[in-house]
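Chemist: this is a predicted model, with the sequence first.
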Number of protein chains: 2
Amino acid sequence: MPNKKTDLVILGTIALDDIKTPFGSVSSVPGGSATYAAIAASHFAVPGVISIAGKDFPPAQLVKLKSRGINLEGLSKADKTFRWKGYYEFDMNEAKTLETKLNSIENYAPEIPLAYQSTKFLLLSNIDPKVQIKVAASCLKAFVVLDTMNYWIKHSRKKLTEAMKMADLIVLNDAEARQFSVEVNLVKAAKAILRMGPKYVVIKKGEHGALLFSEGKHFSAPAYPLEEAKDPTGAGDSFAGTLTAYLASQGKTDEKTVRKAIISASSVASYCTEDFSINKLIKLNKKLIEERYDIFKEIRKF
Amino acid sequence: MPNKKTDLVILGTIALDDIKTPFGSVSSVPGGSATYAAIAASHFAVPGVISIAGKDFPPAQLVKLKSRGINLEGLSKADKTFRWKGYYEFDMNEAKTLETKLNSIENYAPEIPLAYQSTKFLLLSNIDPKVQIKVAASCLKAFVVLDTMNYWIKHSRKKLTEAMKMADLIVLNDAEARQFSVEVNLVKAAKAILRMGPKYVVIKKGEHGALLFSEGKHFSAPAYPLEEAKDPTGAGDSFAGTLTAYLASQGKTDEKTVRKAIISASSVASYCTEDFSINKLIKLNKKLIEERYDIFKEIRKF
């Protein structure tokens, strides 16, 4: 069976999550940065995934991914799937980890299909920076988007810095930007990260929107005025996935296009939080995403 | 000497402040909600102040206010000026109070010049809600803007609620909106406050911008990307002062005009934080304020 052309490649984790929020709890549900990013991306372009799942990952969930047109050629097999167990307190700003079982991602050596290596858009979503470096080094023609999390900043700063130097656009949340740069002021934090070489730095601020920094330019994206977020898990991954896929769908990476990509990403990420796991994300469609895109226009007019 | 026509009336405190921030410290400098609000307002319209100062308040500072065209007809005299001593930690999000000496504002009975009582725009800036109620009750033709702080929410909720019910537009910061409404989600918090009767609720979020809520409408104002804030004291008061004065200068209070007022207010408030006390605020001019207004346009385009 011939593979469909992939528009972007997404490296990240596939996980089974146990999640508790003030609005309920779920267990052994599909999660992981690649899962969220690829589903989000699939609403804009054809993503090819580089990841690893265990035999315990429900085949029906893989079918769901395939039904969204996601290419799973780069999916490695393991015995057990990576597991994360966590919860959110009432303000839901920060995921608190109760347990992490690395399983599949321990010593994961990514298999990078030949067809992926000429990709023009690569998302290194949250995973061990060692793996991010390996994949980035194999996709030399790509515009590289990198996402990460506090864990790698704390425990693998050197490798992460190396990975970040291979990226064209770095996505961080506000706490991570402060933690990585050791700057309280977000403008200073972004500028410090820009000095490492990427063309763009995007700082996600959850309920406060997102900021884009590049040489001499600044963009401030509003947040969608969401009243009821049920589960923030995967919102950041969906954001990065949509952002990269939007750029791939346009075949452009100029600052104006990145601004539009951020708004699309904010729309998808806001939907992601409205239900647990991938429940809302998988059911999204272009019309719903564009509805919020238009609301973003309205709420910032003056 | 005939009094100049006043475009808006501002009730609030006049204070002498001792302030310490990571960028320096000052003592016995002019402060207070009316001082900041009136100077900020003076860049857009002619404010008349209702406040009280002690004999220890430097006459030279009153001359400064007058030189900005501020009408001081409603200024009562006391023995000693209200004093506030506080500091900010590195993130400068929250003022920590070391000492408050009520002095002049203890048992302050506002004198409301007859000419003020027909004002079309009234700002009840941060002061005891009992005093806010008294002044609002004397200015029955006014579009009323009300600002407050956590202290009154905690210690005078009932009176504050009564004052808020007399307001057309309520300004709060995000922590205060959450504290008053007992809602974590800011959209829900704003809606709860809207249900009390005001036409508009504005939530100031410091480095994250400001939000405007009204019946069925929402506006999200970006923050100016400031790298170096020296002293946040008075930024909120300057915001409220500018907002009210902008509306007065336009003679309009429709939602579109309130959006523009918020952007002007954000511009002035961002300048306010760039130096201690009123130092920067008093030196501002329309050109500088409009420069940032234009930057606000640029940073939100997509």
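Modeler: Looks like it came in fine.

Chemist: show me what contacts A:Met92?
Modeler: A:Thr21, A:Pro22, A:Ala229, A:Pro232 (CB atoms under 8 Å, 6 or more residues apart in numbering or on different chains). Any C-beta I mention is one placed from the backbone N, CA and C, and that applies to glycine too.

Chemist: list just the nearest of those residues to chain B.
Modeler: In terms of CB to the nearest CB, no member of those lies closer to chain B than A:Ala229, at 7.8 Å.

Chemist: how many residues are close by that closest one?
Modeler: When neighbours are defined as other CB atoms under 10 Å in any protein chain shown, A:Ala229 has 20 of them.

Chemist: same thing with A:Ser118?
Modeler: 11.

Chemist: ok, and the closest non-adjacent residue to A:Lys64?
Modeler: With sequence-adjacent residues excluded and distances taken as CB to CB, 6 or more residues apart in numbering or on different chains, A:Lys64 is closest to A:Ile282, at 6.0 Å.

Chemist: mind listing the helices for chain A?
Modeler: Assigned by DSSP state H, chain A shows helices spanning A:33-41, A:59-67, A:129-138, A:150-155, A:157-165, A:174-181, A:186-194, A:235-250, A:255-272, A:279-283, A:286-298.

Chemist: tell me the buried residues in the fifth one?
Modeler: Read it as helix A:157-165. The neighbour-count check on helix A:157-165 (16 or more other CB atoms under 10 Å in any protein chain shown) flags A:Lys159, A:Leu160, A:Ala163, A:Met164 as buried.

Chemist: could you dump the contacts of A:Met92 to a markdown table with distance to chain B and pLDDT?
Modeler: What follows is the contacts of A:Met92, written out as a markdown table (distance: CB to the nearest CB, whole Å; pLDDT from 0 to 100):
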| residue | distance to chain B | pLDDT |
| --- | --- | --- |
| A:Thr21 | 12 | 95 |
| A:Pro22 | 9 | 92 |
| A:Ala229 | 8 | 91 |
| A:Pro232 | 12 | 95 |
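
Chemist: thinking again about what came up before, now the buried residues of helix A:157-165 in a markdown table, with distance to chain B and pLDDT?
Modeler: Formatted as a markdown table, those follow (distance: CB to the nearest CB, whole Å; pLDDT from 0 to 100):
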| residue | distance to chain B | pLDDT |
| --- | --- | --- |
| A:Lys159 | 29 | 98 |
| A:Leu160 | 24 | 98 |
| A:Ala163 | 26 | 98 |
| A:Met164 | 22 | 98 |
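
Chemist: need these in JSON lines with distance to B:Pro113, can you?
Modeler: Below are those laid out as JSON lines (distance: CB to CB, whole Å):
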{"residue": "A:Lys159", "distance to B:Pro113": "69"}
{"residue": "A:Leu160", "distance to B:Pro113": "64"}
{"residue": "A:Ala163", "distance to B:Pro113": "66"}
{"residue": "A:Met164", "distance to B:Pro113": "62"}
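
Chemist: and A:Met149, how many neighbours?
Modeler: Neighbour tally, A:Met149, other CB under 10 Å: 19.

Chemist: with A:Glu89 instead?
Modeler: A:Glu89 has 13 nearby residues by other CB under 10 Å.

Chemist: before we move on, what about A:Asp294?
Modeler: Neighbours of A:Asp294 (other CB under 10 Å): 11.

Chemist: what about it, distance to A:Lys280?
Modeler: Using CB to CB, to the nearest Å, we find A:Asp294 at a distance of 19 Å from A:Lys280.

Chemist: in contact with the nearest residue to A:Ala78 once chain neighbours are set aside, which residues?
Modeler: Distance criterion CB to CB, 6+ apart; nearest residue to A:Ala78, sequence neighbours excluded, is A:Ser104 at 3.6 Å. Counting by CB under 8 Å, 6+ apart, A:Ser104 makes contact with A:Ile14, A:Ile52, A:Ala53, A:Gly54, A:Ser76, A:Ala78, A:Asp79, A:Lys80, A:Thr81, A:Phe82.

Chemist: need the buried ones from these selected in PyMOL.
Modeler: In PyMOL, a selection of the buried entries from the contacts of A:Ser104 looks like this (16+ other CB under 10 Å):
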select buried, chain A and resi 14+52+53+54+78+80+81+82
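
Chemist: mind putting the contacts of A:Ser104 into CSV with pLDDT?
Modeler: Listed next are the contacts of A:Ser104 as CSV, based on pLDDT from 0 to 100:
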residue, pLDDT
A:Ile14, 98
A:Ile52, 98
A:Ala53, 97
A:Gly54, 97
A:Ser76, 98
A:Ala78, 96
A:Asp79, 96
A:Lys80, 97
A:Thr81, 97
A:Phe82, 97
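
Chemist: now for the contacts of A:Met92, which pair is the farthest apart?
Modeler: Based on CB to CB, the longest span within these runs between A:Pro22 and A:Pro232 and measures 11.3 Å.

Chemist: A:Ile19: how many residues sit nearby?
Modeler: A:Ile19 has 23 neighbours, counted by other CB under 10 Å.

Chemist: and the stretch 51-200 of chain A, which of its residues are near chain B?
Modeler: A:Phe90, A:Asp91, A:Val184, A:Asn185, A:Leu186, A:Val187, A:Lys188, A:Lys191 (CB under 8 Å from any CB of the partner chain).

Chemist: surely the second one meets B:Leu186?
Modeler: Spelled out, it's A:Asp91. No. Contact between A:Asp91 and B:Leu186 fails when scored by CB atoms under 8 Å: they sit 10.7 Å apart.

Chemist: who's more crowded, the two?
Modeler: B:Leu186 (23 against 12).

Chemist: got a list of what the more buried one touches?
Modeler: B:Leu186 neighbours (CB under 8 Å, 6+ apart): A:Glu207, B:Asp174, B:Ala177, B:Arg178, B:Ile203, B:Leu211.

Chemist: residues in contact with the residue in the stretch 51-200 of chain A that chain B sits nearest to?
Modeler: Residue of the stretch 51-200 of chain A nearest chain B, by CB to the nearest CB: A:Val187 (4.7 Å). Counting by CB under 8 Å, 6+ apart, A:Val187 touches A:Phe213, A:His218, B:Pro225, B:Leu226, B:Glu227.

Chemist: all set now, cheers.
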